[in-house]
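> everything below, folded, please.
(chains A and B)
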Amino acid sequence: MSATHPHAHDHDHAHGEAHEHHGPPYGVTRWLFTTNHKDIGTLYLWFACFMFFTGGTMALMIRAELFEPGLQFFKNPEFFNSLTTIHGLVMVFGAIMPAFVGFANWLVPMQIGAADMAFPRMNNWSFWLLIPAATLLMSGFFMPGGAAGSGWTLYPPLVIQQGIAIDFTILAIHLLGASSIMGSINIITTILNMRAPGMTLMRMPLFVWTWLITAYLLIAVMPVLAGAVTMLLTDRHFGTSFFNAAGGGDPTMFLHIFWFFGHPEVYIMILPAFGIISQIIPAFARKPLFGYASMVYATASIAILSFIVWGHHMFTVGMPAAGNLFFMYATMLIAVPTGVKIFNWISTMWRGEMTFETPMLFAIGFLCLFTIGGFSGLVLAIVPVDITLHNTYYVVAHFHYVLVSGALFGILGGIYFWLPKWSGRMYNEALGKWHFWLSMIGFNLAFFPQHFLGLAGMPRRIPDYALQFAEWNMWSSIGAFLFGFSQLLFLYNVLATIRGGARAEQKQWEGADSLEWTHLPSPVPYHTFEVAPVIK
Amino acid sequence: MAGHIATPEQRRRAVVTGIVLAVLAAAIYAVVVLRFIANT
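Now for the predicted structure:
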């Protein structure tokens, strides 16, 4: 695929004019009222960064408490429950998802040759809904009874019995859901309708494909979550008994509805990372992505299968054996398209002229560690094993391997990859490599021992534990602090880059071939394409 | 020069797509809630 620009000779002149007459407005109003996809992408990314450090601080408080047996810091164990709950909600809805929407805002229009998103004003609204939502979510810490402490899954009956913070959490989830649905509508509409001439669906970069499929997933499942939490709200305040056993309701039904949302949600958080990795690996292997079409079909297969595996989160609730078996086999089936992707990435690297800059390091780290998370998922898919490991630290280890070394490593690799394009400046490579290796060591030290803790029977969501779990918990806490503080290196590197990094080239990475590298200068001008590119 | 903008045809198709997707989302929400209200 190659792209040509009809007025390539006029390019610099045209940009000069654009900056002079149509550059970004100044001050707060630029960010409050912006409809520019790059500005909104930047807002999403900084919001996600703030929430990542907020949720990360909670994680470190949790790990500080678990450093040794006994209650060290939190004499009220309910506060510990609130920390695990809000940590989960903040990381899922405040950090990972907004970060990927930030990537989508920045990259989707540039990679398909569109001027902007299809609905720029709705794009602005999607972002600014996040601020009241995050405020509502966090405000529970200052309310009687403390913040929501039911776990991020909000299981009844606990969630029906807790204080007013649950209502604020439910409202926050409604707002976050509305924001996600509007963002998804925007992304799907942009991809389906705003592509440049010649940019057929099967020519789109993999990142755009993964986001197209993710956006469909979001539209399908966010209303399901919204329906579930609406019913929780009416159970709490309007006399209904959907999930309240005291009134004849069925708490297990909430689990079914929640996980019908919750499992696709896992893929919502990982598919865009697959897209990012699919951009990074070919760029640094200097080879086209191996098996492009099979990557697209594998992504779609994973998304479809994600709708029929929710029961593996609830093997212990007493489903019929046939139900358990169905969910077990359906879950194992997901390993097939996921394996296709893993082998395609490896095949892309095979005999490539590889170099190992920071984005590539994070991509390879992703590949190794996400595979470990995938394998522990297969272990948990086995019904009799899961009945033993359910609610233990093995589960905590598994989903952190998927969501931290999967989703987060994808995000970090993506930021290093596109930061030169976004800011026009090159980050400090040495600092980036330090960040990667400290993250790698810290992450594995924090979460690999949690497999052992889970296998030994340590339950999750407890502030105190039996003495036999002490040693691995100590190592896990040390690893968590190493991982947490190494993220400050990342923050410093990004800020230093924006403030005064060396000038980046238009095509900073030799092997990168999507439109933003081949066709747009670094930094990208405020108006992305002066003339629609023609893809040949 | 303010960058190329969407053609009227692109805008029309975008609005149609957006409305279809919004209706789909609203319908899923309604089905989840109404199904359980009907069974309660």
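> the nearest residue to A:L136 once chain neighbours are set aside - how many residues pack around it?
Leaving aside its chain neighbours, A:L136 sits nearest to A:A172 (4.0 Å; criterion: Cβ to Cβ, 6 or more residues apart in numbering or on different chains). In this view, the C-beta of every residue, glycine as well, is placed from N, C-alpha and C. Per other Cβ atoms under 10 Å in any protein chain shown, the neighbour tally for A:A172 reads 26.
> confirm A:A172 sits in a helix?
Yes - A:A172 forms part of a helix when assessed by DSSP: H, G, I helix; E, B strand; the rest coil.
> so who does it touch?
A:89, A:133-134, A:136-137 (Cβ atoms under 8 Å, 6 or more residues apart in numbering or on different chains).
> from these, which is closest to chain B?
Comparing the contacts of A:A172 against chain B with Cβ to the nearest Cβ picks out A:A133 as the nearest, at 17.3 Å.
> doesn't the closest one fall inside a helix?
Yes - per three-state DSSP, A:A133 lies within a helix segment.
> look up how far A:F242 lies from it.
Separation of A:A133 from A:F242 (Cβ to Cβ, to the nearest Å): 23 Å.
> between those two, who's got more neighbours?
Between A:A133 and A:F242, counted using other Cβ under 10 Å, the more crowded position is A:F242 (26 against 23).
> and the more buried one, helix, strand or coil?
A:F242 ends up coil, using three-state DSSP.
> same check on A:L325?
At A:L325 the chain is in helix, as set by three-state DSSP.
> do you know the pLDDT at it?
Note on A:L325: pLDDT of 97.
> for it, which non-adjacent residue is closest in space?
Closest residue in space to A:L325, ignoring its immediate chain neighbours: A:V383 at 7.1 Å, by Cβ to Cβ, 6+ apart.
> contacts only, for the one you found.
Listed by Cβ under 8 Å, 6+ apart, the contact partners of A:V383 are A:315, A:324-325, A:328.
> can we see that at 10 Å?
Contacts for A:V383 (Cβ atoms under 10 Å, 6 or more residues apart in numbering or on different chains) come out as A:311-312, A:315-316, A:319, A:321, A:323-325, A:327-328, A:331.
> return a ChimeraX selection command for the buried portion of the residues you listed.
Selection of buried members from the contacts of A:V383 for ChimeraX, criterion 16 or more other Cβ atoms under 10 Å in any protein chain shown:
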select /A:311,312,315,319,324,327,328,331
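> nearest to A:F50, of the contacts of A:V383?
Set against A:F50, the nearest of the contacts of A:V383 by Cβ to Cβ is A:H312 (33.3 Å).
> where does the stretch 201-350 of chain A dip in pLDDT?
For the stretch 201-350 of chain A, applying pLDDT under 70 flags no range at all.
> tell me which element whichever residue of it sits closest to chain B falls in.
Nearest residue of the stretch 201-350 of chain A to chain B (Cβ to the nearest Cβ) works out as A:G227 at 3.1 Å. Per DSSP states H and E: A:G227 is located in helix A:206-237.
> contact partners for the residue nearest the centre of chain A?
Nearest to the mean C-alpha position of chain A, by Cα atoms, centre = their mean, lies A:I96 at 3.1 Å. Going by Cβ under 10 Å, 6+ apart, A:I96 touches A:48, A:51-52, A:55, A:90, A:265, A:268-270, A:272-273, A:403-404, A:406-408, A:410-411.
> make it 7 Å
The contact partners of A:I96, by Cβ atoms under 7 Å, 6 or more residues apart in numbering or on different chains, come to A:269, A:403, A:407.
> scan these and report the most crowded one.
Among the contacts of A:I96, A:A407 has the most neighbours (other Cβ under 10 Å), with 28 neighbours.
> how far away is it from A:V92?
Distance, A:A407 to A:V92, by Cβ to Cβ: 10 Å.
> same question for A:Q111.
A:Q111 is 26 Å from A:V92, by Cβ to Cβ.
> and what of A:I364?
25 Å.
> tell me how many other residues surround A:A114.
Residues near A:A114, counting by other Cβ under 10 Å, number 26.
> quick check, it in a strand?
No - with three-state DSSP as the criterion, A:A114 is located in coil rather than a strand.
> surely it touches A:T189?
No - using Cβ atoms under 7 Å as the test, A:A114 is too far from A:T189 to be in contact (10.5 Å).
> just put the contacts of A:I96 in CSV and tack on distance to A:Y44 and secondary structure.
Below are these laid out as CSV (distance: Cβ to Cβ, whole Å; DSSP: H, G, I helix; E, B strand; the rest coil):
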residue, distance to A:Y44, secondary structure
A:M269, 15, helix
A:L403, 18, helix
A:A407, 15, helix
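> which of those lies closest to B:L24?
A:M269 (21.7 Å).
> surely that closest one meets A:V402?
No - under the criterion of Cβ under 7 Å, A:M269 is not in contact with A:V402, lying 8.3 Å apart.
> what helix or strand is the most centrally placed residue in chain B located in?
The centre of chain B sits closest to B:A22, judged by Cα atoms, centre = their mean, with a distance of 2.0 Å. Element membership for B:A22 (DSSP H and E) is helix B:8-39.
> give me the helices and strands touching that helix, please.
helix A:165-193, helix A:206-237 (3 or more Cβ pairs under 7 Å, 6 or more residues apart in numbering or on different chains; DSSP states H and E).
> and the longest one, what does it pack onto?
Using 3+ Cβ pairs under 7 Å, 6+ apart as the contact definition, the elements that helix A:206-237 packs against are helix A:97-112, helix A:158-161, helix A:165-193, helix A:251-285, helix A:292-305, helix B:8-39.
> pretty sure A:W259 sits against A:I308.
No - using Cβ under 7 Å, A:W259 is not in contact with A:I308, being 11.4 Å away.
> more neighbours: which of the two?
A:W259 (21 against 15).
> for chain A, which residues are neighbours of chain B?
Counting by Cβ under 7 Å from any Cβ of the partner chain, chain A comes close to chain B at A:14, A:17-18, A:22, A:115, A:118-119, A:181, A:185, A:188-189, A:192-194, A:219-220, A:223-224, A:226-227, A:230-231, A:240, A:242, A:257, A:527-532.
> buried ones among these?
Buried residues within the residues of chain A next to chain B, counting neighbours by 16+ other Cβ under 10 Å: A:14, A:18, A:115, A:118-119, A:181, A:185, A:188-189, A:192-194, A:219-220, A:223-224, A:226-227, A:230-231, A:240, A:242, A:257, A:527-532.
> got the phi/psi numbers for A:I535?
Main-chain dihedrals, A:I535, degrees, to the nearest 10: phi -90, psi 130.
> residues contacting the closest residue to A:L175 other than its chain neighbours?
In this structure, A:L175 finds its nearest non-sequential neighbour in A:A133, 3.9 Å apart by Cβ to Cβ, 6+ apart. Counting by Cβ under 7 Å, 6+ apart, A:A133 touches A:172, A:175-176, A:179.
> separation between A:M328 and A:L380?
With distances taken as Cβ to Cβ, A:M328 is found 10 Å from A:L380.
> please read the previous query as pertaining to A:F243.
Distance from A:F243 to A:L380, by Cβ to Cβ: 25 Å.
> number of residues surrounding B:I5?
Counted by other Cβ under 10 Å, the residues lying close to B:I5 total 12.
> please apply the same query to A:L467.
Around A:L467 there are 9 residues (other Cβ under 10 Å).
> and which of the contacts of A:A133 is nearest chain B?
Taking Cβ to the nearest Cβ as the measure, A:S179 is the one of the contacts of A:A133 closest to chain B, at 12.3 Å.
> picking that back up, export the contacts of A:I96 to JSON lines and append columns for distance to A:V101.
Below are the contacts of A:I96 laid out as JSON lines (distance: Cβ to Cβ, whole Å):
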{"residue": "A:M269", "distance to A:V101": "11"}
{"residue": "A:L403", "distance to A:V101": "16"}
{"residue": "A:A407", "distance to A:V101": "13"}
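> next, the contact list for the nearest residue to A:N244 once chain neighbours are set aside, please.
Nearest residue to A:N244 in three dimensions, chain neighbours excluded: A:D235, at 4.9 Å (Cβ to Cβ, 6+ apart). Applying Cβ under 7 Å, 6+ apart, we find A:D235 in contact with A:160, A:241-244, A:249.
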